[in-house]
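Q: model the structure of this input:
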Amino acid sequence: MDPSIYSAIAGAAVVGGCTVAATFIERRWGRAKRDIRILADQVAAYYQLERIYKDEIARLTGKAPKTIMEQMRTRVEENGAYVRPTMSSNDAARLQARWKAG
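A: Next comes the predicted model:
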């Protein structure tokens, strides 16, 4: 058999393998981007929920909403299961916008 046939077969196998790998990576990246968009939406929603809760607690207790927010975030950190939330609602909105555009 002619050696060029082996080269052609090897070349086709390499190209085919690269195509399969690229398709696999593209699909996984597409899923990851969708997951990130969902997470960004959830983060933004939780910041809205936090705002509603702290405003309502402030209304009922007479404490400043920022004080309530700081106390609740400290309690989250002290619980030990999560890190202290530091992201602002503006940060969440930027994250949401960045991944919705993609």
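Q: what secondary structure does residue 87 sit in?
A: Three-state call for residue 87 (DSSP: H, G, I helix; E, B strand; the rest coil): coil.
Q: tell me the contacts of it?
A: By CB atoms under 8 Å, 6 or more residues apart in numbering, residue 87 lies in contact with 43, 47, 95. C-beta here means a position set from N, CA and C on the backbone, and glycine is covered the same way.
Q: let's see that with 7 Å instead.
A: For residue 87, the contacting residues are residue 43, by CB atoms under 7 Å, 6 or more residues apart in numbering.
Q: ok, residue 27 - how many residues close by?
A: Counted with other CB atoms under 10 Å, the neighbours of residue 27 add up to 10.
Q: and the gap between it and residue 98?
A: From residue 27 across to residue 98, the span is 21 Å (CB to CB, to the nearest Å).
Q: near residue 43, how many other residues are there?
A: Residue 43: 17 neighbours (other CB under 10 Å).
Q: so it is in which element?
A: Element membership for residue 43 (DSSP states H and E) is helix 3-61.
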